[in-house]
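Q: make a model of this:
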Amino acid sequence: MNLSNFISRRYLFSKNNKNAINIISGISVAGFAVGSFALVVVLSVFNGFESLVTSLFNSFDPDIKIIAAEGKVFNPDTAKLPQLKQIDGVLHITEVLEEKAVLKYDDKQTKATVKGVGEGFEKYTGIDTMMVDGNLVLKDKEHQYAVLGYGIARYLSINVDNFFIPLTVFTAKRGDVTSLDPENALVKKQITPAGVFSIEENINDEFVIVPIEFARQLLEYKTEISAYEVILKPGTNMQKMQRQMQEVLGNGFVVKNRYQLQEVLYKVFNTERWATYFILTFILLVAAFNVIGSLTMLVIDKKGDISVLKSIGASDGLIRSIFFKEGLLIALIGAFVGIGLGVLVCWLQQTYGFITLGNQGTFVVSNYPVKMKAFDILLVFFTTIILGAVTSMYPALKSSKQEMYFGK
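A: Take a look at the predicted model:
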(Lines give C-alpha, C1' and ligand atoms only; values in the text may rest on other atoms or scores of the structure.)
Protein backbone atom coordinates (compact mmCIF):
# COMPACT_ATOMS: atom_id res chain seq x y z
CA MET A 1 0.00 0.00 0.00
CA ASN A 2 1.28 3.48 -0.89
CA LEU A 3 1.97 5.23 2.43
CA SER A 4 1.23 8.77 1.20
CA ASN A 5 -2.11 7.66 -0.24
CA PHE A 6 -3.07 5.93 3.00
CA ILE A 7 -2.18 8.87 5.25
CA SER A 8 -3.83 11.50 3.01
CA ARG A 9 -7.07 9.48 2.98
CA ARG A 10 -6.92 9.07 6.76
CA TYR A 11 -6.52 12.81 7.25
CA LEU A 12 -9.47 13.58 4.97
CA PHE A 13 -11.89 10.90 6.13
CA SER A 14 -10.94 10.61 9.80
CA LYS A 15 -14.07 10.19 11.97
CA ASN A 16 -12.30 11.20 15.15
CA ASN A 17 -11.14 14.64 14.04
CA LYS A 18 -14.20 16.85 13.59
CA ASN A 19 -12.68 20.31 13.89
CA ALA A 20 -12.36 23.54 11.91
CA ILE A 21 -9.92 21.93 9.49
CA ASN A 22 -12.47 19.31 8.48
CA ILE A 23 -15.13 21.99 8.08
CA ILE A 24 -12.86 24.06 5.81
CA SER A 25 -11.98 20.91 3.83
CA GLY A 26 -15.70 20.24 3.42
CA ILE A 27 -16.21 23.80 2.21
CA SER A 28 -13.37 23.28 -0.29
CA VAL A 29 -15.03 20.12 -1.60
CA ALA A 30 -18.34 21.98 -1.85
CA GLY A 31 -16.65 24.85 -3.71
CA PHE A 32 -15.17 22.49 -6.29
CA ALA A 33 -18.51 20.68 -6.58
CA VAL A 34 -20.52 23.87 -7.12
CA GLY A 35 -17.99 25.23 -9.63
CA SER A 36 -17.80 22.05 -11.69
CA PHE A 37 -21.60 21.68 -11.52
CA ALA A 38 -22.06 25.22 -12.87
CA LEU A 39 -19.53 24.64 -15.65
CA VAL A 40 -21.22 21.43 -16.83
CA VAL A 41 -24.72 22.94 -16.77
CA VAL A 42 -23.85 26.29 -18.39
CA LEU A 43 -21.70 24.74 -21.14
CA SER A 44 -24.46 22.20 -21.87
CA VAL A 45 -27.04 24.99 -22.14
CA PHE A 46 -24.72 26.84 -24.54
CA ASN A 47 -24.44 23.64 -26.59
CA GLY A 48 -28.22 23.33 -26.58
CA PHE A 49 -28.81 26.85 -27.84
CA GLU A 50 -26.04 26.51 -30.44
CA SER A 51 -27.55 23.24 -31.68
CA LEU A 52 -31.02 24.82 -31.80
CA VAL A 53 -29.91 27.91 -33.73
CA THR A 54 -27.79 25.76 -36.07
CA SER A 55 -30.77 23.52 -36.83
CA LEU A 56 -32.90 26.60 -37.58
CA PHE A 57 -30.34 28.04 -40.00
CA ASN A 58 -29.80 24.60 -41.56
CA SER A 59 -33.48 24.53 -42.51
CA PHE A 60 -32.83 27.63 -44.66
CA ASP A 61 -29.16 27.43 -45.65
CA PRO A 62 -27.92 24.77 -48.10
CA ASP A 63 -25.01 22.46 -47.33
CA ILE A 64 -22.95 24.26 -49.99
CA LYS A 65 -23.53 27.52 -51.87
CA ILE A 66 -21.75 28.41 -55.11
CA ILE A 67 -21.51 32.06 -56.18
CA ALA A 68 -19.53 33.96 -58.79
CA ALA A 69 -16.16 35.32 -57.68
CA GLU A 70 -17.01 38.58 -59.47
CA GLY A 71 -20.40 40.09 -60.24
CA LYS A 72 -23.87 39.42 -58.85
CA VAL A 73 -25.01 36.85 -61.41
CA PHE A 74 -23.55 34.28 -63.79
CA ASN A 75 -24.68 32.10 -66.66
CA PRO A 76 -25.38 28.51 -65.56
CA ASP A 77 -23.63 27.22 -68.69
CA THR A 78 -20.29 28.45 -67.29
CA ALA A 79 -20.69 26.64 -63.96
CA LYS A 80 -20.26 23.04 -65.20
CA LEU A 81 -23.56 21.87 -63.69
CA PRO A 82 -23.45 18.37 -65.26
CA GLN A 83 -20.01 17.75 -63.73
CA LEU A 84 -21.19 18.95 -60.32
CA LYS A 85 -24.21 16.64 -60.39
CA GLN A 86 -21.96 13.66 -61.15
CA ILE A 87 -19.92 14.15 -57.96
CA ASP A 88 -20.70 11.32 -55.55
CA GLY A 89 -22.64 12.66 -52.56
CA VAL A 90 -24.66 15.37 -54.33
CA LEU A 91 -28.39 14.94 -53.73
CA HIS A 92 -29.80 18.04 -55.41
CA ILE A 93 -28.68 21.37 -56.89
CA THR A 94 -31.08 24.31 -56.96
CA GLU A 95 -30.74 27.42 -59.10
CA VAL A 96 -31.18 30.63 -57.08
CA LEU A 97 -31.64 34.27 -58.10
CA GLU A 98 -31.69 36.88 -55.32
CA GLU A 99 -32.17 40.64 -55.34
CA LYS A 100 -33.39 43.45 -53.10
CA ALA A 101 -36.94 44.64 -53.72
CA VAL A 102 -39.83 46.65 -52.29
CA LEU A 103 -43.03 44.82 -51.35
CA LYS A 104 -46.50 46.32 -51.24
CA TYR A 105 -49.57 44.59 -49.83
CA ASP A 106 -52.84 46.50 -49.63
CA ASP A 107 -51.79 49.89 -48.19
CA LYS A 108 -48.52 48.78 -46.54
CA GLN A 109 -45.03 48.40 -47.96
CA THR A 110 -41.56 47.28 -46.86
CA LYS A 111 -38.20 46.25 -48.29
CA ALA A 112 -37.08 42.62 -48.61
CA THR A 113 -34.82 40.20 -50.46
CA VAL A 114 -36.64 38.28 -53.16
CA LYS A 115 -35.20 34.78 -53.48
CA GLY A 116 -36.16 32.96 -56.66
CA VAL A 117 -35.63 29.20 -56.46
CA GLY A 118 -35.63 26.48 -59.09
CA GLU A 119 -37.27 23.08 -59.40
CA GLY A 120 -37.12 20.74 -56.43
CA PHE A 121 -36.66 23.43 -53.79
CA GLU A 122 -39.84 22.48 -51.91
CA LYS A 123 -38.81 18.82 -51.80
CA TYR A 124 -35.29 19.24 -50.45
CA THR A 125 -35.54 22.34 -48.25
CA GLY A 126 -36.16 22.22 -44.51
CA ILE A 127 -38.45 25.24 -44.61
CA ASP A 128 -41.51 22.98 -44.83
CA THR A 129 -40.98 22.15 -41.14
CA MET A 130 -40.93 25.87 -40.26
CA MET A 131 -44.25 26.92 -41.80
CA VAL A 132 -46.53 28.78 -39.40
CA ASP A 133 -49.29 29.76 -41.83
CA GLY A 134 -50.43 28.50 -45.22
CA ASN A 135 -48.37 26.03 -47.25
CA LEU A 136 -44.96 25.78 -48.89
CA VAL A 137 -46.15 25.92 -52.48
CA LEU A 138 -44.51 28.11 -55.12
CA LYS A 139 -46.49 27.29 -58.24
CA ASP A 140 -49.12 25.09 -59.77
CA LYS A 141 -50.28 24.67 -63.36
CA GLU A 142 -51.84 28.13 -63.50
CA HIS A 143 -50.40 30.35 -60.76
CA GLN A 144 -47.17 31.38 -59.05
CA TYR A 145 -47.00 31.90 -55.29
CA ALA A 146 -44.75 33.58 -52.72
CA VAL A 147 -43.75 32.31 -49.29
CA LEU A 148 -42.80 35.07 -46.85
CA GLY A 149 -40.80 35.33 -43.65
CA TYR A 150 -42.88 35.84 -40.52
CA GLY A 151 -41.52 39.33 -39.84
CA ILE A 152 -42.44 40.58 -43.32
CA ALA A 153 -45.85 38.89 -43.24
CA ARG A 154 -46.67 40.40 -39.86
CA TYR A 155 -45.59 43.90 -40.90
CA LEU A 156 -47.63 43.77 -44.11
CA SER A 157 -50.57 42.03 -42.37
CA ILE A 158 -50.50 39.24 -44.97
CA ASN A 159 -53.62 37.07 -45.15
CA VAL A 160 -52.75 33.89 -47.06
CA ASP A 161 -56.43 32.92 -47.20
CA ASN A 162 -57.35 36.07 -49.13
CA PHE A 163 -56.49 35.43 -52.78
CA PHE A 164 -58.00 38.73 -53.91
CA ILE A 165 -55.19 40.92 -52.54
CA PRO A 166 -51.91 40.25 -54.40
CA LEU A 167 -48.40 40.98 -53.20
CA THR A 168 -46.82 43.62 -55.46
CA VAL A 169 -43.05 43.49 -55.93
CA PHE A 170 -41.00 46.46 -57.19
CA THR A 171 -37.38 46.45 -58.38
CA ALA A 172 -35.25 48.93 -60.31
CA LYS A 173 -35.01 48.44 -64.05
CA ARG A 174 -31.68 47.27 -65.40
CA GLY A 175 -29.62 49.60 -67.56
CA ASP A 176 -29.98 53.34 -68.03
CA VAL A 177 -33.39 54.90 -67.43
CA THR A 178 -33.95 58.25 -69.15
CA SER A 179 -37.59 58.88 -68.23
CA LEU A 180 -38.38 61.56 -65.64
CA ASP A 181 -41.34 59.52 -64.39
CA PRO A 182 -40.18 57.47 -61.33
CA GLU A 183 -42.60 54.67 -62.16
CA ASN A 184 -40.83 54.09 -65.48
CA ALA A 185 -37.63 53.34 -63.54
CA LEU A 186 -39.27 50.39 -61.78
CA VAL A 187 -40.37 46.89 -62.73
CA LYS A 188 -43.61 45.86 -61.04
CA LYS A 189 -45.03 42.36 -60.78
CA GLN A 190 -47.74 40.78 -58.67
CA ILE A 191 -47.82 37.39 -56.98
CA THR A 192 -50.15 35.62 -54.56
CA PRO A 193 -48.94 34.96 -50.96
CA ALA A 194 -49.33 31.26 -50.13
CA GLY A 195 -47.50 30.73 -46.85
CA VAL A 196 -45.46 32.14 -43.99
CA PHE A 197 -42.35 30.58 -42.42
CA SER A 198 -40.59 31.37 -39.15
CA ILE A 199 -36.93 30.41 -38.78
CA GLU A 200 -34.83 33.19 -37.23
CA GLU A 201 -35.55 36.88 -36.80
CA ASN A 202 -33.07 38.14 -39.42
CA ILE A 203 -34.30 35.62 -41.98
CA ASN A 204 -37.95 36.22 -41.10
CA ASP A 205 -37.53 39.97 -41.61
CA GLU A 206 -35.67 39.73 -44.92
CA PHE A 207 -36.65 36.92 -47.28
CA VAL A 208 -39.53 36.25 -49.66
CA ILE A 209 -39.27 33.01 -51.64
CA VAL A 210 -40.71 32.90 -55.17
CA PRO A 211 -40.31 30.71 -58.28
CA ILE A 212 -37.13 31.52 -60.20
CA GLU A 213 -39.19 32.24 -63.34
CA PHE A 214 -40.97 35.04 -61.47
CA ALA A 215 -37.62 36.42 -60.23
CA ARG A 216 -36.14 36.39 -63.75
CA GLN A 217 -39.11 38.29 -65.17
CA LEU A 218 -38.93 40.77 -62.30
CA LEU A 219 -35.18 41.32 -62.68
CA GLU A 220 -35.20 41.15 -66.49
CA TYR A 221 -32.87 38.18 -66.77
CA LYS A 222 -33.19 35.28 -69.22
CA THR A 223 -31.13 32.42 -67.79
CA GLU A 224 -28.78 34.10 -65.28
CA ILE A 225 -28.65 33.02 -61.65
CA SER A 226 -26.91 34.40 -58.56
CA ALA A 227 -26.05 31.06 -56.92
CA TYR A 228 -26.28 27.29 -56.89
CA GLU A 229 -27.52 25.82 -53.61
CA VAL A 230 -26.31 22.24 -53.13
CA ILE A 231 -27.97 19.66 -50.89
CA LEU A 232 -25.76 16.69 -50.00
CA LYS A 233 -26.70 13.12 -49.24
CA PRO A 234 -26.79 12.25 -45.50
CA GLY A 235 -23.36 11.30 -44.17
CA THR A 236 -21.43 13.11 -46.92
CA ASN A 237 -18.28 14.94 -45.80
CA MET A 238 -19.18 18.58 -46.43
CA GLN A 239 -15.61 19.96 -46.34
CA LYS A 240 -14.37 17.27 -48.73
CA MET A 241 -17.27 17.96 -51.10
CA GLN A 242 -16.54 21.68 -50.94
CA ARG A 243 -12.92 21.09 -52.00
CA GLN A 244 -13.99 18.83 -54.87
CA MET A 245 -16.44 21.39 -56.22
CA GLN A 246 -13.90 24.19 -55.97
CA GLU A 247 -11.44 22.10 -58.00
CA VAL A 248 -14.09 21.49 -60.68
CA LEU A 249 -15.19 25.14 -60.89
CA GLY A 250 -11.81 26.84 -60.61
CA ASN A 251 -11.09 30.40 -59.48
CA GLY A 252 -14.09 31.92 -61.22
CA PHE A 253 -16.41 30.75 -58.45
CA VAL A 254 -16.49 30.78 -54.65
CA VAL A 255 -17.72 27.63 -52.90
CA LYS A 256 -18.90 28.07 -49.31
CA ASN A 257 -20.19 25.51 -46.83
CA ARG A 258 -23.07 26.24 -44.46
CA TYR A 259 -20.73 27.16 -41.60
CA GLN A 260 -19.02 29.80 -43.74
CA LEU A 261 -22.43 31.20 -44.71
CA GLN A 262 -23.02 31.98 -41.02
CA GLU A 263 -19.38 32.51 -40.05
CA VAL A 264 -20.05 35.49 -37.77
CA LEU A 265 -22.74 33.60 -35.86
CA TYR A 266 -20.47 30.64 -35.14
CA LYS A 267 -17.61 32.94 -34.11
CA VAL A 268 -19.93 34.71 -31.66
CA PHE A 269 -21.06 31.38 -30.22
CA ASN A 270 -17.48 30.19 -29.83
CA THR A 271 -16.33 33.47 -28.24
CA GLU A 272 -19.22 33.57 -25.77
CA ARG A 273 -18.70 29.92 -24.91
CA TRP A 274 -15.03 30.34 -24.02
CA ALA A 275 -15.65 33.64 -22.25
CA THR A 276 -18.23 31.91 -20.05
CA TYR A 277 -15.84 29.03 -19.42
CA PHE A 278 -13.04 31.35 -18.26
CA ILE A 279 -15.39 33.39 -16.04
CA LEU A 280 -16.73 30.28 -14.31
CA THR A 281 -13.20 28.86 -14.08
CA PHE A 282 -12.11 32.04 -12.30
CA ILE A 283 -14.96 31.56 -9.81
CA LEU A 284 -13.82 27.96 -9.39
CA LEU A 285 -10.28 29.24 -8.78
CA VAL A 286 -11.54 31.47 -5.97
CA ALA A 287 -13.22 28.44 -4.40
CA ALA A 288 -9.99 26.47 -4.87
CA PHE A 289 -8.10 28.90 -2.64
CA ASN A 290 -9.95 27.32 0.28
CA VAL A 291 -7.67 24.35 -0.30
CA ILE A 292 -4.64 26.49 0.55
CA GLY A 293 -6.23 27.51 3.83
CA SER A 294 -7.41 24.05 4.82
CA LEU A 295 -4.10 22.35 3.93
CA THR A 296 -2.03 25.04 5.65
CA MET A 297 -4.08 24.58 8.82
CA LEU A 298 -3.74 20.82 8.46
CA VAL A 299 0.05 21.14 8.18
CA ILE A 300 0.12 23.17 11.40
CA ASP A 301 -2.26 20.74 13.13
CA LYS A 302 -0.23 17.69 12.05
CA LYS A 303 3.24 19.06 12.80
CA GLY A 304 3.62 16.38 15.46
CA ASP A 305 2.83 13.65 12.91
CA ILE A 306 5.28 15.23 10.48
CA SER A 307 8.02 15.20 13.12
CA VAL A 308 7.35 11.53 13.91
CA LEU A 309 7.48 10.60 10.22
CA LYS A 310 10.75 12.49 9.78
CA SER A 311 12.26 10.85 12.87
CA ILE A 312 11.62 7.39 11.42
CA GLY A 313 13.23 8.31 8.11
CA ALA A 314 10.42 9.81 6.01
CA SER A 315 11.79 11.97 3.21
CA ASP A 316 10.67 15.50 2.40
CA GLY A 317 9.18 14.10 -0.81
CA LEU A 318 6.92 11.75 1.16
CA ILE A 319 5.73 14.60 3.41
CA ARG A 320 4.99 16.80 0.39
CA SER A 321 3.21 13.93 -1.34
CA ILE A 322 0.86 13.39 1.63
CA PHE A 323 -0.46 16.94 1.66
CA PHE A 324 -0.39 17.33 -2.12
CA LYS A 325 -2.53 14.23 -2.50
CA GLU A 326 -4.83 15.55 0.23
CA GLY A 327 -5.53 18.58 -1.98
CA LEU A 328 -6.00 16.39 -5.04
CA LEU A 329 -8.50 14.24 -3.13
CA ILE A 330 -10.51 17.34 -2.23
CA ALA A 331 -10.56 18.43 -5.88
CA LEU A 332 -11.31 14.91 -7.12
CA ILE A 333 -14.27 14.42 -4.79
CA GLY A 334 -15.61 17.88 -5.64
CA ALA A 335 -15.23 17.18 -9.36
CA PHE A 336 -17.05 13.84 -9.20
CA VAL A 337 -19.88 15.24 -7.08
CA GLY A 338 -20.29 18.42 -9.15
CA ILE A 339 -20.01 16.75 -12.56
CA GLY A 340 -22.31 13.93 -11.46
CA LEU A 341 -24.98 16.38 -10.30
CA GLY A 342 -24.51 18.49 -13.43
CA VAL A 343 -24.96 15.49 -15.72
CA LEU A 344 -28.04 14.43 -13.72
CA VAL A 345 -29.66 17.88 -13.96
CA CYS A 346 -28.90 18.10 -17.70
CA TRP A 347 -30.35 14.63 -18.29
CA LEU A 348 -33.50 15.52 -16.37
CA GLN A 349 -33.86 18.72 -18.42
CA GLN A 350 -33.35 16.83 -21.67
CA THR A 351 -35.86 14.16 -20.66
CA TYR A 352 -38.55 16.10 -18.82
CA GLY A 353 -37.88 19.78 -19.62
CA PHE A 354 -38.78 21.02 -16.15
CA ILE A 355 -37.17 24.47 -16.71
CA THR A 356 -39.21 26.40 -19.29
CA LEU A 357 -38.49 29.54 -21.30
CA GLY A 358 -41.67 31.26 -20.19
CA ASN A 359 -44.36 32.09 -22.74
CA GLN A 360 -44.33 29.06 -25.04
CA GLY A 361 -45.87 31.00 -27.91
CA THR A 362 -42.87 33.34 -28.11
CA PHE A 363 -40.08 30.79 -28.62
CA VAL A 364 -39.33 28.00 -31.07
CA VAL A 365 -38.98 25.60 -28.13
CA SER A 366 -40.78 25.69 -24.80
CA ASN A 367 -37.94 24.41 -22.57
CA TYR A 368 -34.28 25.36 -22.15
CA PRO A 369 -32.36 23.34 -24.76
CA VAL A 370 -29.53 21.26 -23.30
CA LYS A 371 -26.89 19.18 -25.06
CA MET A 372 -24.11 17.41 -23.17
CA LYS A 373 -20.75 16.77 -24.84
CA ALA A 374 -18.04 14.40 -23.63
CA PHE A 375 -15.40 17.05 -24.42
CA ASP A 376 -17.04 19.52 -22.01
CA ILE A 377 -17.26 16.97 -19.20
CA LEU A 378 -13.59 16.04 -19.63
CA LEU A 379 -12.66 19.74 -19.84
CA VAL A 380 -14.45 20.48 -16.55
CA PHE A 381 -12.90 17.43 -14.87
CA PHE A 382 -9.32 18.27 -15.83
CA THR A 383 -9.84 21.97 -15.08
CA THR A 384 -10.94 21.08 -11.55
CA ILE A 385 -8.06 18.65 -11.02
CA ILE A 386 -5.46 21.12 -12.34
CA LEU A 387 -6.77 23.89 -10.07
CA GLY A 388 -6.69 21.46 -7.14
CA ALA A 389 -3.10 20.51 -7.96
CA VAL A 390 -1.94 24.12 -8.33
CA THR A 391 -3.51 25.27 -5.05
CA SER A 392 -2.07 22.24 -3.22
CA MET A 393 1.54 22.97 -4.15
CA TYR A 394 2.22 25.75 -1.63
CA PRO A 395 0.94 23.90 1.48
CA ALA A 396 2.71 20.72 0.32
CA LEU A 397 6.03 22.57 -0.02
CA LYS A 398 5.51 24.20 3.36
CA SER A 399 4.85 20.83 5.01
CA SER A 400 8.28 19.49 4.03
CA LYS A 401 9.94 22.55 5.61
CA GLN A 402 8.13 22.06 8.91
CA GLU A 403 10.62 21.94 11.79
CA MET A 404 10.78 18.93 14.08
CA TYR A 405 8.28 19.31 16.90
CA PHE A 406 7.44 16.99 19.77
CA GLY A 407 4.73 18.33 22.02
CA LYS A 408 3.83 17.16 25.47
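
Q: okay, now the domains of this structure?
A: 3-57+265-400, 64-258 (automatic domain parsing).

Q: buried residues in the helix or strand encompassing residue 84, which are they?
A: Here residue 84, judged by DSSP states H and E, is contained in helix 81-85. Under the neighbour-count criterion of 16 or more other CB atoms under 10 Å, helix 81-85 has residue 84 buried. C-beta here means a position set from N, CA and C on the backbone, and glycine is covered the same way.

Q: tell me which helix or strand comes right after it.
A: strand 90-105.

Q: and that next one, which strands flank it?
A: Strands that pair with strand 90-105, judged by DSSP bridges, come out as strand 108-117 (antiparallel), strand 167-172 (antiparallel), strand 227-232 (antiparallel).

Q: ok, which of those strands comes nearest residue 45?
A: strand 227-232 (29.8 Å; CB to CB).

Q: let me see the mean pLDDT of the closest one.
A: The average of the pLDDT scores along strand 227-232 is 94.

Q: could you do stretch 143-159 as well?
A: Here the average pLDDT along stretch 143-159 is 95.

Q: which residue ranges of the stretch 51-200 of the chain form helices?
A: In the stretch 51-200 of the chain, the segments counted as helices under DSSP state H, counting those that start in this stretch are 81-85, 121-124, 150-156.

Q: quick one: the strands in the stretch 101-250 of the chain?
A: With DSSP state E, counting those that start in this stretch, the ranges of strands along the stretch 101-250 of the chain come out as 108-117, 131-134, 145-149, 167-172, 186-197, 207-211, 227-232.

Q: now do the buried residues in the longest one.
A: Using 16+ other CB under 10 Å as the test for burial, strand 186-197 gives 189, 191, 193-197.

Q: cool, and stretch 106-113?
A: Result for stretch 106-113 [16+ other CB under 10 Å]: buried residues 112-113.

Q: and it, how far out from the chain middle?
A: 33 Å (CA atoms, centre = their mean, to the nearest Å).

Q: now the residue positioned nearest the centre of the chain, nearest residue through space, not along the chain?
A: The residue lying closest to the centre of the chain (CA atoms, centre = their mean) is residue 50, at 2.3 Å. With sequence-adjacent residues excluded and distances taken as CB to CB, 6 or more residues apart in numbering, residue 50 is closest to residue 269, at 5.0 Å.

Q: did I read that right, the one you found in a helix?
A: Yes. Under DSSP: H, G, I helix; E, B strand; the rest coil, residue 269 falls within a helix.

Q: okay, now it: neighbour count?
A: When counting by other CB atoms under 10 Å, one arrives at 17 neighbours for residue 269.

Q: run through the residues that contact it.
A: If you count contacts by CB atoms under 8 Å, 6 or more residues apart in numbering, residue 269 has them with 46, 50, 53.

Q: residue 172: neighbour count?
A: 14.

Q: swap in residue 248?
A: 15.

Q: for residue 37, see how far away the spatially closest residue to it that is not a sequence neighbour is.
A: With CB to CB, 6+ apart as the criterion, residue 248 has its nearest non-adjacent residue at 5.4 Å, and that residue is residue 83. In this view, residue 83 and residue 37 are 54 Å apart by CB to CB, to the nearest Å.

Q: residue 324 now?
A: 25 Å.

Q: same thing with residue 65?
A: 41 Å.

Q: ok, now residue 370?
A: 14 Å.

Q: any idea of the mean pLDDT for whatever helix or strand the residue nearest to the centre of the chain lives in?
A: Here residue 50, judged by DSSP H and E, is contained in helix 20-58. Mean pLDDT, helix 20-58: 86.

Q: off-centre distance for that helix?
A: On CA atoms, centre = their mean, the centre of helix 20-58 falls 17 Å from the chain's centre.

Q: also stretch 129-143?
A: 30 Å.

Q: stretch 142-150 too?
A: 31 Å.

Q: contacts for that stretch, please.
A: The contact list for stretch 142-150, computed with CB under 8 Å, 6+ apart, reads 112, 127, 131-132, 134, 136-139, 156, 158, 167, 191-199, 203-211, 213-214.

Q: buried ones among the residues you listed?
A: Burial by neighbour count, 16+ other CB under 10 Å: within the contacts of stretch 142-150 this picks out 112, 127, 131, 134, 136, 138-139, 156, 158, 167, 191, 193-199, 203-211, 214.

Q: picking that back up, and which of the buried residues of strand 186-197 is nearest to residue 162?
A: residue 193 (8.6 Å).
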